[in-house]
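>>> Turn this into a model:
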Amino acid sequence: MSDSTIRLTEAREALHRLTLGEQVVKVEVNGAPGRSVTYTPASIESLKRYIAELELECESQPGGRRGCITFFG
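Got it, this is the predicted structure:
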């Protein structure tokens, strides 16, 4: 699994947790331990933009979407 795929999975999990009512969710930045971004319900749109960026990054990798897990719905 590529770094982009891992970050995308983590970001989607964070969005899911916020949607379910958690008040604070931390996501590591570029998989770097100790560096993280904190998201709150007020920053869901920012998290959605980050997810969109990661999806584009995954699509540009060799193999395209096969390297990323994509959820619809």
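>>> Could you list the single helix or strand in the chain with the lowest mean pLDDT?
strand 32-39 (a mean of 80; mean pLDDT, DSSP states H and E).
>>> so what pLDDT did Leu8 get?
Per-residue pLDDT puts Leu8 at 89.
>>> Hmm, it is touching Glu55, no?
Yes: counting by Cβ atoms under 8 Å, Glu55 is a contact partner of Leu8 at 6.6 Å. C-beta: built from backbone N, CA, C; applies to glycine.
>>> between the two, which one's more packed in?
Shown here are Leu8 and Glu55; by other Cβ atoms under 10 Å, Leu8 has more neighbours (24 against 17).
>>> Could you measure from the nearest residue to that one once chain neighbours are set aside over to Gln23?
Once flanking residues are discounted, Leu8 sits nearest to Leu54: 4.2 Å by Cβ to Cβ, 6 or more residues apart in numbering. Leu54 sits 23 Å away from Gln23, going by Cβ to Cβ, to the nearest Å.
>>> ok, back up a step: what helices and strands are in contact with the least confident helix or strand of the chain?
For strand 32-39, the packing partners by 3 or more Cβ pairs under 8 Å, 6 or more residues apart in numbering; DSSP states H and E come out as strand 25-29.
>>> what's near enough to touch the residue nearest to Leu8?
Contact analysis of Leu54 by Cβ atoms under 8 Å, 6 or more residues apart in numbering lists 4, 7-8, 11, 68.
>>> switch to 6 Å and redo it
Contacts for Leu54 were tallied using Cβ atoms under 6 Å, 6 or more residues apart in numbering; they are 4, 7-8.
>>> got those residues as JSON lines, with secondary structure and distance to Arg35 columns?
Formatted as JSON lines, those follow (DSSP: H, G, I helix; E, B strand; the rest coil; distance: Cβ to Cβ, whole Å):
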{"residue": "Ser4", "secondary structure": "helix", "distance to Arg35": "16"}
{"residue": "Arg7", "secondary structure": "helix", "distance to Arg35": "12"}
{"residue": "Leu8", "secondary structure": "helix", "distance to Arg35": "17"}
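>>> Having no further points to raise, I will conclude here.
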